[in-house]
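Trainee: build me a structure from this.
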Amino acid sequence: MKVQSPLLTAVLWMIGALFSFMMMGIGGRELSSELGTFQILFFRSIIGLVVVSILLSTTNWQQVKTKHLKTHIWRNVAHYGGQFGWFYGISILPLAEVFALEFTLPIWVTFLAPLFLGERFTKARLTAVIVGFIGVLIILRPGLAVINPASFIVLGAALGFAISTLFTKKLSATESPINIIFYMTIIQLPLGFVPALANWVTPSLSLWPWLIVVGVGALSAHHSTAKALTIN
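Mentor: As a prediction, this is how the structure comes out:
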């Protein structure tokens, strides 16, 4: 049997991550009819923590040991900001526009990789950034229509995701995917819970399937991304 190439394996993992983000987007849109963004993020974290804890209980809790707690914290602060902007955008903008703006993430990653990872900023990468920026202008259509401020929030979310991705790349050299998603849930849990208390709404029974979709989808997306980033 032919051995699958590392590039194809990474692509398949990223396709899995994309599918998971799509399910999260649909779930987030449904949840926004009753819940605020902070509450959605809180339930995403707590459901994720329960699932990860069950997985670790059946394998090995030693996997959560880390010497890079500070990097985990920075990663999750950036990711939490990105996730907040993304879910907020989903509640206001058409899903197609949110995903189109989110696809600016590779532009940010390309632009920031030299700073975070010490990679060279080549002419090819500069060209990709310019073409991507033109694509953003086409999506926003400045001068042809009133730009929704939420569009800029989603762009900011993409920047937050890019920084988070670069930190994930750093962590993936020494940490396992389940280690990374464990710290994602445990660090982001209070970040969502505390502000959610101000406008707490008890989710109706009909929302729980969507809460589970968002919680499990977040784990699947980040596990898939972390697996892809471990492949050289």
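
Trainee: my read: Phe193 touches Phe43, true?
Mentor: No: Phe193 is beyond contact range of Phe43, at 9.6 Å (criterion: Cβ atoms under 8 Å). All C-beta spots, glycine's among them, are computed from the backbone N, C-alpha and C.

Trainee: who has more neighbours out of the two?
Mentor: Phe43 (23 against 17; other Cβ atoms under 10 Å).

Trainee: tell me the pLDDT at Thr66?
Mentor: Reading off the confidence values, Thr66 has pLDDT 92.

Trainee: list the residues that contact it.
Mentor: 72, 175, 179, 183 (Cβ atoms under 8 Å, 6 or more residues apart in numbering).

Trainee: please redo it, this time with the cut-off set to 7 Å
Mentor: Counting by Cβ atoms under 7 Å, 6 or more residues apart in numbering, Thr66 makes contact with 72, 175, 179.

Trainee: just to be sure, Pro114 is in a helix?
Mentor: Yes: under DSSP: H, G, I helix; E, B strand; the rest coil, Pro114 falls within a helix.

Trainee: what about this protein, any weak spots by pLDDT?
Mentor: The chain contains residues with pLDDT under 70 at 1-4, 121, 125, 136-137, 139-147, 232.

Trainee: so what does the lengthiest helix in it touch, helix or strand wise?
Mentor: When the chain is parsed with DSSP state H, its longest helix is helix 6-31. For helix 6-31, the contact count by 3 or more Cβ pairs under 7 Å, 6 or more residues apart in numbering; DSSP states H and E identifies helix 69-92, helix 95-102, helix 208-229 as packing neighbours.

Trainee: now do the buried residues in the last one.
Mentor: When neighbours are counted by 16 or more other Cβ atoms under 10 Å, the buried residues of helix 208-229 are found to be 210-211, 213-229.
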